[in-house]
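> let me see the structure of the following:
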Amino acid sequence: MQLRPHQIDSLVAMQSNTKGQLIIPTGGGKTMCMIEDAIYQFKSAPKTIVVVAPRILLAKQLCSEFREMIDIHPDDVMHVHSGDLTGKSLYFCSTQVNDIKLFYFAKKSKNTIIFTTYHSLHKIVRSGIDVDTIYFDEAHNGVQKNFVEAVEYFSMYSARAYFFTATPKHSLTPLKVGMNDADIFGNVICQVPAPKLVEEGHILPPKVAVYKTRILDKDELVVDADCDQMISALDNIQKDKVLICAKSTKQITNLVSQTDFCVQLRERGYNWMFITSKTGAFINGQKVSREEFFNTLNEWGVDGTKFVVLHHSILSEGINVKGLEAVLFMRSMDYIGISQTIGRVIRKGAENKVYGLVCVPVYSKVGISTARKVEAVVDTVFNKGQAATSVIRS
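Reported below is the predicted structural model:
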């Protein structure tokens, strides 16, 4: 695969530093940087590589992407998380410390990759195995109180450690850890400005649309108002493939069970789907597996299907979603959430797609503050070429 110039810069940075941060905007091909570095590492003596993700879904996605590019047998891949403990997976999966040890020592003479989550990383710490290289995807998650101890361990004891994110999280208080702690996260060894990726045609610019909608009537049910706000927004933006960031799981379930939201979608030619960690995945009212959900989502993303996908947070970070044209913010987020969500719609798609539409309907004080945050993130990332850095102040 032909690497982009910034990806080559990233590889050079990793080969020149045993630890560090790589700040690359969403859509910039962070995963390919990891994969190419792993291929290079595997060319010498047998290596054990660990890949850390914030969610099980993303760990599985990363595994698929690594295996597409790296010639490694499924038996030499392990998953350490709670997502595949039924025995039906193609890969050995366990969260038991002794199983991790057995896998490691049985494969000492081979190249191996372990995919895990920040939640389960401490199990690998407890196993005491030697790790040659560790890649932290969406590395801003590593500052969380429950994760930072395991992150710090591998920062100190793995031979090589790299922290990938589009949205760093810094701390201004000694009471909490941030990615500006170079002892743990290293220095920034590569930073790619988003305008460079837009200029080179790798991602599209976002276009922010902020507009006022009607205020909730005094006697109107909130769920009916939510339905009206979303349908009005869809009519306003006139896009075929739309991601809606709902306020909560409850808002999604109420919409599809207590209003005519789905009927109105069908009248406009939209299919609909939603996924939450609490309810699972649904497509046009039918419950489906997560695998079928994501396969369908990506198929619809590249064909002529018109659809709306609702979620609360599960699609915001890292998950590849093809073809989305617009995102509709129905709730406020922090700068990381906003930046990650915008990243879902700025990937290149159909030939006539020239921007990713970021829509913020303003109907309350929350809407006003969300609009201001969205505009600030777009200005920082796409005009000034800086990272959308979140700051912990207390």
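
> could you use CA atoms for every contact and neighbour count after this?
Fine.

> please verify my assumption that residue 84 contacts residue 90.
No: between residue 84 and residue 90 there is no contact under C-alpha atoms under 8 Å: 9.2 Å.

> what packs against the helix ranked longest in the chain?
Ranked by number of residues, the top helix in the chain under DSSP state H is helix 222-237. When contacts are defined as 3 or more C-alpha pairs under 8 Å, 6 or more residues apart in numbering; DSSP states H and E, helix 222-237 sits against helix 249-258, helix 261-267, strand 356-362.

> please enumerate the strands of the stretch 201-350 of the chain.
Assigned by DSSP state E, counting those that start in this stretch, the stretch 201-350 of the chain shows strands spanning 206-212, 241-245, 271-276, 280-283, 286-288, 307-311, 326-329.

> lowest mean pLDDT across these, which one is that?
Lowest mean pLDDT within those: strand 206-212, a mean of 88.

> helices or strands up against the helix or strand containing residue 149?
If you go by DSSP states H and E, residue 149 is part of helix 148-157. In terms of contacts (3+ C-alpha pairs under 8 Å, 6+ apart), helix 148-157 is packed against helix 121-127, helix 182-185.

> check which element follows it along the chain.
In N-to-C order, the element after helix 148-157 by DSSP H and E is strand 160-165.

> what pairs with the helix or strand just after that following strand, parallel or antiparallel?
Per DSSP H and E, the first helix or strand lying C-terminal to strand 160-165 is strand 169-171. Strand 169-171 has the following strand partners under DSSP bridges: strand 390-392 (parallel).

> neighbouring contacts of the partner strand?
Contacts with strand 390-392, where a contact means C-alpha atoms under 8 Å, 6 or more residues apart in numbering, come from 167-173, 176, 178, 334-336.

> give me that answer again for 7 Å
For strand 390-392, the external contacting residues (C-alpha atoms under 7 Å, 6 or more residues apart in numbering) are 168-172, 335-336.

> of those, closest to residue 358?
Using C-alpha to C-alpha, residue 335 is the member of those that sits closest to residue 358, with 14.3 Å.

> and that closest one, what does it touch?
373, 377, 388, 390.

> show the end-to-end separation of stretch 89-100, please.
End-to-end distance of stretch 89-100 (C-alpha to C-alpha, to the nearest Å): 16 Å.

> mind listing what's buried in that stretch?
91-95, 97, 100 (16 or more other C-alpha atoms under 10 Å).

> repeat for stretch 111-126
Neighbour counts over stretch 111-126 (16+ other C-alpha under 10 Å) mark 111-125 as buried.

> now do stretch 288-297
293-294, 297.

> for the chain, give me the ranges with low pLDDT.
By pLDDT under 70, the low-scoring segments of the chain are 1, 85-88, 214-221, 316-319, 363-366.

> can you list the domains in it?
Domain ranges of the chain: 5-192, 199-392, per automatic domain parsing.

> and stretch 323-334, C-alpha only, in CSV?
Extracted C-alpha coordinates of stretch 323-334, given in CSV (Å, rounded to 0.1, in the frame of the first residue of the first chain):
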residue,chain,number,x,y,z
GLY,A,323,-19.9,7.2,3.7
LEU,A,324,-21.6,9.3,6.4
GLU,A,325,-22.4,12.8,4.9
ALA,A,326,-23.7,14.6,8.0
VAL,A,327,-23.8,14.5,11.8
LEU,A,328,-26.6,16.0,13.9
PHE,A,329,-25.7,17.0,17.4
MET,A,330,-28.6,16.6,19.8
ARG,A,331,-26.4,16.8,22.9
SER,A,332,-23.4,18.6,24.3
MET,A,333,-20.0,17.0,24.4
ASP,A,334,-16.5,17.8,25.5
